[in-house]
Structure formats: structure tokens, C-alpha cells
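S.K.: Return a 3D structure for these sequence lines:
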Amino acid sequence: MEKMILVDGNAILHRAFHALPPLTNKDGILANAVYGFFSMILKIKADLRPDYLVVCFDRPKPTFRQELYVGYQAQRPSMDNDLVPQITMVHEGLERANVPIFEVDGYEADDLIGTLSVQAVEDNKEDVQVIILSGDRDLLQLVNHKVKVLAPIIGMTKMILFDSNAVEEKYGLKPEQFVDYKALRGDSSDNYPGVAGIGQKTASSLLQKYGNLENVYKNLGEISQGQAQKLAEGAEAAGIAKKLAQIVLDAPIKLDLKKAKVNKIDKKELTEFFREHGFRSLLERLEKEDRVEQREAASAKASEEKDKKQEEKDKNKQLGLLD
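M.R.: Predicted coordinates:
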């Protein structure tokens with residue numbers, strides 16, 4: 001099975017910016033997020049050995065969610081002025097390295113990741129497993145037998161891999177129940193309400209018992225009078241919250257697996273990009289990666305030649321050409 005890494009570009013950039021000290025490049029320009037971002041990419045490439053790599057970003061323009069609910073993410077602080085130019089720098093590095101970038105006005109990176117994960121798994125002849133690199137727990141709703149989420153939990157190095165079992169073990173919910181959980185609870189980080197008076201434990205227990213939001217509302221007669229009244233009064237809020245929480249799976253983008261192949265990455269340009277910024281440790285890691293790949297290629301070639309010789313020997317033996 002082949003492996004694809006879908007990177008939540010904004011999430012990884014933000015984590016790098018806040019996790020690393022204010023490092024500057026050789027020109028004295030702040031570049032800690034740029035360094036951290038590419039450090040993470042190199043780590044993932046070395047650890048997971050993916051066949052495909054794609055990066056998705058948010059766009060600054062409002063999305064359909066702001067149109068649906070005016071207060072969506074309204075309380076979030078503006079992006080730090082020191083981070084803004086680093087986004088452009090990361091884009092430059094990825095474009096020069098020939099790594100596919102997806103970003104679309106009106107959609108969040110989550111929506112693009114959701115759409116690409118579906119296309120990678122369902123719309124291609126290749127057997128592909130998707131690993132989403134992000135600390136955004138909203139993406140856990142996408143987890144299934146072929147989609148996992150790799151989430152940084154401490155700094156830029158310690159991570160946890162969420163498959164369906166890991167999600168359920170940690171949160172007490174199945175991945176497909178996350179949207180309905182948000183519908184009941186709302187999301188304070190994105191500034192939208194759920195059902196007033198329904199707390200974390202109640203939301204979880206309702207979903208564990210009834211499976212999904214629709215079944216909760218179908219069985220209000222079985223639920224305590226107080227909770228049932230809250231649910232009835234909050235039905236409209238729950239419906240809006242569910243639409244806000246649901247990741248789009250049909251955004252107007254198209255995955256081209258051939259362009260996303262890791263072996264299409266322009267290492268010469270990436271090396272030059274690292275050199276221009278004075279990222280010496282990243283250069284060393286890239287050179288080490290090249291040496292490992294060269295050794296593996298040489299070993300694979302030697303093994304292939306050995307197999308061919310043995311195959312020819314066996315064939316000749318069958319033909320009676322050898323004693």
C-alpha cells in the first residue's frame with residue numbers, strides 16, 4: 001500500500017512559530033516558522049517514507065462558514081505580524097521544490113484536506129493510505145480504515161498517530177461522531193454555540209447511547225425531561241453547529257497523484273532554498289537523506305540483478321543446459 005502525507009500548512013506553521021525561539025536567517029529576517037515547517041517535513045519524510053506529499057493552506061478571505069454564521073471564529077486574534085511574511089517564504093520553498101499546494105478562497109485547509117483524502121482513497125486505482133499531519137482535532141472526523149491523523153503534541157517532535165481505535169480510546173467517541181459532538185457542544189475556539197446546557201459528559205453519553213445526532217432527536221421521549229427540553233430548544237443551534245463542524249469532502253479541487261510523488265521533489269532547488277536562508281542543519285539532514293536513498297537504490301539494484309541471475313540460472317537448468 002502506498003502512503004500519502006497531507007500537511008495542514010497553517011497548523012504546522014503556527015505550531016513552529018510558537019514552539020521555536022525567534023530564529024533569523026542569514027539576512028537577519030525572522031524565519032523560525034519557515035525553519036520549523038521544513039524541519040517537520042524532513043522528519044516526516046524520513047520517518048514515514050511517504051510516496052506522495054501535498055500541503056494545504058487557508059486563504060485570508062472569509063469562508064462559507066462566516067456566511068452561515070457571522071460569529072464564526074470572530075474572537076480569534078489576528079495573525080502575528082511576524083508570521084505573515086513567513087507564510088510567503090514557505091510557499092516559495094514548496095513551489096521551488098515542486099511540492100503541490102492547494103488553497104481555495106471560501107474554503108478552509110480542513111476542507112481541502114478532507115476532499116483530497118477522499119480522492120486519494122476512493123478515486124484512484126492505486127491503493128493509498130492517507131496520513132494527515134495536523135494538530136487540529138477537527139480533522140479527527142476524517143479518520144477511517146485508510147485515513148489517519150498524525151498530531152504533534154509537544155513541540156515539533158513528539159507526535160501521536162490517531163487511527164479509529166486511538167480516537168475512541170482517547171475521546172470516547174468514534175471519528176464519525178465528532179461532528180455530532182460539536183453540534184451538541186459547540187466549539188468555543190471557533191466561537192459557535194451548540195445546545196445550551198448540554199455539557200461534555202452529557203453530549204458524549206448521548207452519542208454513545210444513540211449513535212448520532214439524528215437518533216438523539218428521534219428518541220427525546222427516552223431522555224430525561226430537563227435534557228430533552230434543552231435539546232428541543234437548541235435544535236436550530238445544533239443544526240447550524242453541525243454544518244459549521246462538518247468538513248467539506250467535495251471542494252473544487254482535483255488531486256493529481258503523479259504530481260504529488262515524493263520522487264518529483266526538486267531537491268536541488270530545496271537545497272538552494274535552505275542555503276539561501278542559512279539553514280545549515282536542514283542542509284545536513286537533506287544530504288543525509290540523499291545518502292540513505294542512494295544506498296537503498298544501490299542495494300535494490302544489486303538485489304534485482306541477483307534475482308535476474310538466479311532466474312536465468314534456474315531457466316537454463318530447466319532447459320538442461322546445466323548439469
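S.K.: remind me which residues of this structure are low pLDDT?
M.R.: 297-303, 305, 319-323 (pLDDT under 70).
S.K.: Just list whatever residues bridge to the residue most central in space within it.
M.R.: Centre of the chain computed as the mean C-alpha position; nearest residue by CA atoms, centre = their mean is Ile132, 2.7 Å away. With DSSP bridges as the criterion, Ile132 is bridged to Leu6, Val149.
S.K.: Isn't it up against Leu139?
M.R.: Yes: Ile132 is within contact range of Leu139, at 5.5 Å (criterion: CB atoms under 8 Å). C-beta here means a position set from N, CA and C on the backbone, and glycine is covered the same way.
S.K.: what's the overlap in contacts for these two?
M.R.: Residues touching both Ile132 and Leu139 (CB atoms under 8 Å, 6 or more residues apart in numbering) are 8, 113, 149.
S.K.: JSON lines for those, including distance to Gly71 and neighbour count?
M.R.: Below are those laid out as JSON lines (distance: CB to CB, whole Å; neighbours: other CB atoms under 10 Å):
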{"residue": "Asp8", "distance to Gly71": "23", "neighbour count": "27"}
{"residue": "Ile113", "distance to Gly71": "24", "neighbour count": "32"}
{"residue": "Val149", "distance to Gly71": "27", "neighbour count": "29"}
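S.K.: Just name the closest of those residues to Gln225, please.
M.R.: Nearest to Gln225, judged by CB to CB, of those is Val149 at 38.6 Å.
S.K.: mind listing what the closest one touches?
M.R.: Listed by CB under 8 Å, 6+ apart, the contact partners of Val149 are 131-132, 134, 139-140, 142-143, 161-162.
S.K.: among those, which are in strands?
M.R.: 131-132, 161-162 (DSSP state E).
S.K.: of those residues, buried ones?
M.R.: By neighbour count, with 16 or more other CB atoms under 10 Å, the ones in strands among the contacts of Val149 hold 131-132, 162 as buried.
S.K.: Make JSON lines out of these and add distance to Leu20.
M.R.: Listed next are these as JSON lines, based on distance: CB to CB, whole Å:
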{"residue": "Ile131", "distance to Leu20": "23"}
{"residue": "Ile132", "distance to Leu20": "22"}
{"residue": "Phe162", "distance to Leu20": "24"}
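S.K.: Tell me the buried residues in the longest helix anywhere in the chain?
M.R.: If you go by DSSP state H, the chain has its longest helix at helix 280-318. Counting neighbours by 16+ other CB under 10 Å, one finds that the buried residues in helix 280-318 are 282-283, 285-286.
S.K.: now do stretch 26-42
M.R.: 30-42.
S.K.: neighbours around Asp136, how many?
M.R.: When neighbours are defined as other CB atoms under 10 Å, Asp136 has 19 of them.
S.K.: Quick check, it in contact with Asp110.
M.R.: Yes: applying CB under 8 Å, one finds Asp136 in contact with Asp110, separated by 6.6 Å.
S.K.: can you list residues touching both of these two?
M.R.: Common neighbours of Asp136 and Asp110 (CB under 8 Å, 6+ apart) are Asp8.
S.K.: which one is Pro252 nearest to, not counting chain neighbours?
M.R.: Val104 (6.5 Å; CB to CB, 6 or more residues apart in numbering).
S.K.: correction: Glu103
M.R.: In space, Glu103 is closest to Phe57, 4.2 Å off (CB to CB, 6+ apart).
S.K.: I'd like the distance between that neighbour and Gly278.
M.R.: To Gly278, Phe57 is 25 Å away according to CB to CB, to the nearest Å.
S.K.: Who has more neighbours out of those two?
M.R.: Ranked by neighbour count (other CB under 10 Å), Phe57 and Gly278 place Phe57 first, with 22 against 15.
S.K.: which residues does that one contact?
M.R.: 9-10, 87, 91, 101-103, 109.
S.K.: quick one, phi/psi of it?
M.R.: phi -130, psi 150 (degrees, to the nearest 10).
S.K.: how many other residues sit next to Met159?
M.R.: The number of residues packed around Met159, counting by other CB under 10 Å, is 19.
S.K.: can you check the one 5 residues further on too?
M.R.: Using other CB under 10 Å, Ser164 has 16 neighbouring residues.
S.K.: what sits against it?
M.R.: Ser164 neighbours (CB under 8 Å, 6+ apart): 143-145, 174-175.
S.K.: correct me, but Trp252 touches Asp105?
M.R.: For residue 252 the amino acid is Pro, not Trp. No: with contacts counted by CB under 8 Å, Pro252 stays clear of Asp105, the gap being 10.2 Å.
S.K.: Please tell me how far the nearest residue to Glu2 once chain neighbours are set aside sits from Glu272.
M.R.: With CB to CB, 6+ apart as the criterion, Glu2 has its nearest non-adjacent residue at 4.2 Å, and that residue is Asp51. Separation of Asp51 from Glu272 (CB to CB): 25 Å.
S.K.: Tell me which of those two has more neighbours.
M.R.: The neighbour count for Asp51 versus Glu272, taken as other CB under 10 Å, is higher for Asp51 (18 against 15).
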